[in-house]
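Colleague: Generate a structure from the sequence data that follows.
(chains A and B)
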2 protein chains.
Amino acid sequence: MNDARRSELLSLYRDGLLQNVVPYWLRHAVDRQYGGIMTAVNRDGSLLDTDKGVWQQGRFAWLMGKLYNQVERREEWLQQAEQTIQFIERHCFDSADGRMWFHVTREGAPIRKRRYAFSESFAAIAFAQYAKATGSDEYATKARALFHRFIQHNLNPQGVTPKFTDVRPTRGIGFPMITINTAQELRESIGLEEANEWIDRSIDAIRTYHVKEKLECVMETVGLEGEVLNHFDGRTLNPGHAIEAAWFVMQEGEYRGDASLVQLGCRILDWMWKRGWDEEYGGLLYFVDLYGLPVQEYWHDMKFWWPQNETIIATLMAYQLTGDEKYAAMHQQIHDWAYRHFPDPEHGEWYGYLHRDGRISTPLKGNLWKGPFHLPRMQLICWKLLDRGASAADRQAALGQVAT
Amino acid sequence: MNDARRSELLSLYRDGLLQNVVPYWLRHAVDRQYGGIMTAVNRDGSLLDTDKGVWQQGRFAWLMGKLYNQVERREEWLQQAEQTIQFIERHCFDSADGRMWFHVTREGAPIRKRRYAFSESFAAIAFAQYAKATGSDEYATKARALFHRFIQHNLNPQGVTPKFTDVRPTRGIGFPMITINTAQELRESIGLEEANEWIDRSIDAIRTYHVKEKLECVMETVGLEGEVLNHFDGRTLNPGHAIEAAWFVMQEGEYRGDASLVQLGCRILDWMWKRGWDEEYGGLLYFVDLYGLPVQEYWHDMKFWWPQNETIIATLMAYQLTGDEKYAAMHQQIHDWAYRHFPDPEHGEWYGYLHRDGRISTPLKGNLWKGPFHLPRMQLICWKLLDRGASAADRQAALGQVAT
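Modeller: Have a look, this model is predicted:
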């Protein structure tokens, strides 16, 4: 990657974040009457549904706090973090059991709680950035408590009816990978004491149960001992998800100065790129089967925005950490495909859901799952990765010339 | 529809059923070791997953019994009904609460139960056809008991954690429509005494809460009083589902000699055809929004096999019952599109999941949801509708020249 490309990309990510994506959500999604944000917006930002996703409240508050802490101490961002956290605290907890809801009305009445506890992990990172921004011990304590609730609920769910019997117990990669990133966030923002311990446990779990050297594959769902379950669900791979885990692991490798972690992250990226990259149309497929058999999920061959976002981060990070031009080429390939198909030049932001060949499946910009998160996180991380480009060579040296 | 077309279609449906679809499932899906059927097969019938869907066990046993009772007393069909019912009785009930599972292993160990009770309704129609075939009072009693379990669980679910809070209660069209067809089946096979009462209640519910004259629309999900809920889920229409309900209602109109029911069914068909027919590529879309806004479900614009099957039945039935050539033209339109895109001339049966433009999304022929049901039911019903074609004019007269 030459300096011109580096500088062009840096501007694209930075300006896309600050002049396009963040303003899009501030303009269209903020609920100035009840607080929080309403992310179910159509292409032009008009509202499709006033309901609020709890994940998106936490993610938006996190983004606002992160920008305030990492980019610039802009008062508007802090206020948005604060007003959204207030909405979360007032309306997103079930007082009966202390768990968080998944979906609430505009006014904050509860619609749905889910079996798992990712609302808690996203609220934790929001509270932690807010604590850092304000120096509030109270919010640091609340962030820690949410992190522990997230962990505890996943290890030992209480008060939920399991979706499946215990005939074929499984473990998913979602819990360990989100634990890594949540702990990284809380370590950086509020100095979470046990972050390294949870990150170690989670990387160990991924390595022990999900990473399959012989298959050159990271399994999304396995048996309790890591067995490959030869059924639809067991064979279904989610390359974008595994590649997101890859950069969490690489990032940890850089933080610890541990080349073996960078190497592990790069290996996951290499394998899952090979499985997920669509040779026919380009872009990353949503689901593929371990053995190339048909997948049961209907949207398996669609191009969702977030797997592309995560792959853009992972390839750029791999390049920065290893200096291997292969990753610069991969980064260019996924970046160019994504930027050719996803952005909406007229109204801003990205479409979320394309058909396999890149045609738009739905023009909406948000819903309970898509909001101000994967895209602006990608823009922020890639901007910051490129910004320190000059010193990348030093870091490679420090990591002992990681070969992948 | 002229006699040549009628005769050509009759052969196509009959031969497709008896020489293609039924043999496909008998050859590939029957589990000669553990009983029941394994419907998760690839294009060529090779097995993708040994797990068994409980819906599909009931549906297959129903089909076998129905063919035995309605087509020919072929020993193989009765044996298949019997062996599948044995599998259901041994493995598909949870002894803890008497409810049925949704998903079991090949050997019959339970994997998953669902909040609703459609496993029960499909088992009920299977047991009832088997009772008719064998003259067994025992199975007639079991079929009645399953029907009551289905009704009771839907009216008053016990032992399940609701998916949603009671902040925005809804009613779906699925329960009343399946009640109509299940009661019709049990009336025909075992003379279910309270069939008419349940059918009346269900048609009333659909007419009162789901049929919207001013909107010219049948709503899939409404508020408890039939309110249109202006949220993603409330606006999401399922035209193929409503059209399936339309022919259940038309069929009841014919049975009762009630022209107003035939008229209601035709009106539902007219409205939902208009909303679901894809003017650009042909075929029936899966989901559309009440106001033409984006739909949240990812597979909204795919062409699934079953909405086409149900629309082929409904248009032909509407034509037979009204003599209106408009319905013959609609039947030809949906029939021709479906037969151009879904059948697999090499291995038999139909693909289940096409992209909007008719390209194949996945080559599999079955899974937990697709099995020997919608397609063979369509073939059987359309064959039998055409077979009595000569007397159709008399029936129209009896129904008082229904104008639609």
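
Colleague: Spit out the contact partners of A:Tyr255.
Modeller: Neighbouring residues of A:Tyr255 by C-beta atoms under 8 Å, 6 or more residues apart in numbering or on different chains: A:Gln184. For glycine as for every other residue, the C-beta is placed from the backbone atoms N, C-alpha and C.

Colleague: no wait, A:Met250
Modeller: Contacts for A:Met250 (C-beta under 8 Å, 6+ apart) come out as A:Leu261, A:Val262, A:Gly265, A:Cys266, A:Leu269, A:Ala314, A:Met317, A:Ala318, A:Leu321.

Colleague: The last one reaches A:Gly257, doesn't it?
Modeller: No - at 11.1 Å, A:Leu321 and A:Gly257 do not qualify as touching, with contact defined as C-beta atoms under 8 Å.

Colleague: More neighbours: the two, which one.
Modeller: Neighbour comparison, A:Leu321 and A:Gly257: the larger count goes to A:Leu321, with 27 against 12 (by other C-beta atoms under 10 Å in any protein chain shown).

Colleague: Could you measure from that one over to A:Gln263?
Modeller: Using C-beta to C-beta, to the nearest Å, we find A:Leu321 at a distance of 10 Å from A:Gln263.

Colleague: can you tell me the helix or strand for A:Lys142?
Modeller: Per DSSP states H and E: A:Lys142 is located in helix A:137-155.

Colleague: Give the other helices and strands that that helix contacts.
Modeller: Using 3 or more C-beta pairs under 8 Å, 6 or more residues apart in numbering or on different chains; DSSP states H and E, the elements in contact with helix A:137-155 are helix A:118-134, helix A:174-190.

Colleague: How about residues contacting the helix or strand just after the last one?
Modeller: Right, helix A:174-190. Beyond helix A:174-190 on the C-terminal side, the first helix or strand identified by DSSP H and E is helix A:195-205. The contact list for helix A:195-205 (C-beta under 8 Å, 6+ apart) reads A:151, A:171, A:175-177, A:179-180, A:183-184, A:186-187, A:249, A:252, A:261, A:264.

Colleague: Ok, stretch A:156-175 next?
Modeller: Residues outside stretch A:156-175 that contact it (C-beta under 8 Å, 6+ apart) are A:97, A:99, A:115-116, A:118, A:154, A:202, A:205-206, A:209-210, A:218-224, A:226, A:229, A:231, A:233-234, A:241-242, A:245, B:105, B:109-113, B:160-161.

Colleague: Report the buried members of the residues you listed.
Modeller: Buried by 16 or more other C-beta atoms under 10 Å in any protein chain shown: A:99, A:116, A:118, A:154, A:202, A:205-206, A:209-210, A:218-222, A:229, A:231, A:233-234, A:241-242, A:245, B:105, B:110-113, out of the contacts of stretch A:156-175.

Colleague: and chain A, what are its domains?
Modeller: When chain A is parsed with automatic domain parsing, its domains come out as A:33-163, A:173-371.

Colleague: Show me which residues of the stretch 1-150 of chain A sit near chain B.
Modeller: For the stretch 1-150 of chain A, the residues in contact with chain B (C-beta under 8 Å from any C-beta of the partner chain) are A:Ala40, A:Asn42, A:Leu48, A:Asp49, A:Thr50, A:Asp51, A:Thr105, A:Ala109, A:Pro110, A:Ile111, A:Arg112, A:Lys113.

Colleague: For these, which two are the farthest from each other?
Modeller: Maximum pairwise distance in these, criterion C-beta to C-beta, is 27.3 Å, between A:Asn42 and A:Lys113.

Colleague: So which residues of the stretch 301-404 of chain A form strands?
Modeller: With DSSP state E, counting those that start in this stretch, the ranges of strands along the stretch 301-404 of chain A come out as A:303-304, A:353-354, A:360-362.

Colleague: Any stretches of the stretch 251-400 of chain A with poor pLDDT?
Modeller: Where the stretch 251-400 of chain A drops to pLDDT under 70, the residues are A:389-400.

Colleague: returning to that earlier point: could you identify which of the strands of the stretch 301-404 of chain A is most buried?
Modeller: Mean neighbour count (mean count of other C-beta atoms under 10 Å in any protein chain shown) peaks for strand A:303-304 among the strands of the stretch 301-404 of chain A, with a mean of 26.

Colleague: Contacts for stretch A:332-342 next, please.
Modeller: A:1, A:5, A:9, A:12, A:277, A:282-284, A:303, A:305, A:308-309, A:311-312, A:315, A:350-351, A:354, A:358.

Colleague: Just the buried positions in that stretch, please.
Modeller: Buried, per 16+ other C-beta under 10 Å, within stretch A:332-342: A:Gln332, A:Gln333, A:Ile334, A:His335, A:Trp337, A:Ala338, A:His341, A:Phe342.

Colleague: wait, doesn't A:Gln86 sit right on A:Gly35?
Modeller: Yes - using C-beta under 8 Å, A:Gln86 is in contact with A:Gly35, at 5.8 Å.

Colleague: Mind checking which of the two has more residues around it?
Modeller: When A:Gln86 and A:Gly35 are compared for neighbours, A:Gly35 comes out ahead with 21 against 13, by other C-beta under 10 Å.

Colleague: For A:Glu297, see how far away the more buried one is.
Modeller: A:Gly35 is 35 Å from A:Glu297, by C-beta to C-beta.

Colleague: circling back to that earlier point, among the contacts of stretch A:332-342, which ones are in helices?
Modeller: Mapping these onto helices (DSSP state H) picks out A:Arg5, A:Leu9, A:Leu12, A:Trp305, A:Gln308, A:Asn309, A:Thr311, A:Ile312, A:Thr315.

Colleague: among those, who's most crowded?
Modeller: Neighbour count (other C-beta under 10 Å) singles out A:Thr311 as the most crowded of these, with 31 neighbours.
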